[in-house]
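Participant: Quick one, fold the following:
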Amino acid sequence: MKIRNIKDIDGFFNVIDSCDGKVELITGEGDRLNLKSKLCQYVSLATILKMDAEIPELELVAYEAEDTEKIIKFLMQG
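Facilitator: Next up, the predicted model:
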């Protein structure tokens, strides 16, 4: 799923942490980063902060349907 304009970065990572299955970020180069990993979250956050503290667009893959629903619910609230 492609997502855009995440303003609540802390809330976004809290939702990712609450997911039961694997959630991956697909980079522009095609690499897959496991967002359940704190290291990958820190790397992602450092990149986001360089881009003006707002995520313009990301491609995520959530492997559990319930996790996809959690992420979509969070995005619809913002």
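Participant: For residue 41, see how far away residue 17 is.
Facilitator: 8 Å (CB to CB, to the nearest Å). Placement of C-beta: from N, CA and C, glycine included.
Participant: More neighbours: which of the two?
Facilitator: Set side by side, residue 17 and residue 41 show unequal neighbour counts under other CB atoms under 10 Å, the larger going to residue 41 at 19 against 12.
Participant: Let me see the contact set for that one.
Facilitator: Contacts for residue 41 were tallied using CB atoms under 8 Å, 6 or more residues apart in numbering; they are 13, 16, 35.
Participant: how about 10 Å then?
Facilitator: In this structure, residue 41 makes contact with 9, 12, 13, 16, 17, 25, 33, 34, 35, judged by CB atoms under 10 Å, 6 or more residues apart in numbering.
Participant: Report the set of residues contacting both of residue 17 and residue 41.
Facilitator: Between them, residue 17 and residue 41 share the contacting residues residue 35, judged by CB under 10 Å, 6+ apart.
Participant: so where is this protein shaky, pLDDT-wise?
Facilitator: The model of the chain has pLDDT under 70 over residues 47-56, 78.
Participant: Let's see that with 80 instead.
Facilitator: Per-residue confidence for the chain (pLDDT under 80) gives these ranges: 4-7, 27-29, 44-58, 78.
Participant: ok, residue 26 touching residue 44?
Facilitator: No - the criterion here is CB atoms under 10 Å, and residue 26 misses it with residue 44 at 11.8 Å.
Participant: Of the two, which one has the most company?
Facilitator: Comparing residue 26 with residue 44 by other CB under 10 Å, the one with more neighbours is residue 44, at 21 against 14.
Participant: What's the separation between the more buried one and residue 65?
Facilitator: 23 Å.
Participant: picking that back up, mutual contacts of residue 26 and residue 44, please.
Facilitator: 33, 58.
Participant: so is residue 71 in a helix, a strand, or just coil?
Facilitator: Following DSSP: H, G, I helix; E, B strand; the rest coil, we place residue 71 in the helix state.
Participant: That one: neighbouring residues, count only.
Facilitator: Using other CB under 10 Å, the number of residues around residue 71 comes to 20.
Participant: same thing with the one 4 residues further on?
Facilitator: Burial of residue 75, expressed as a neighbour count using other CB under 10 Å, amounts to 16.
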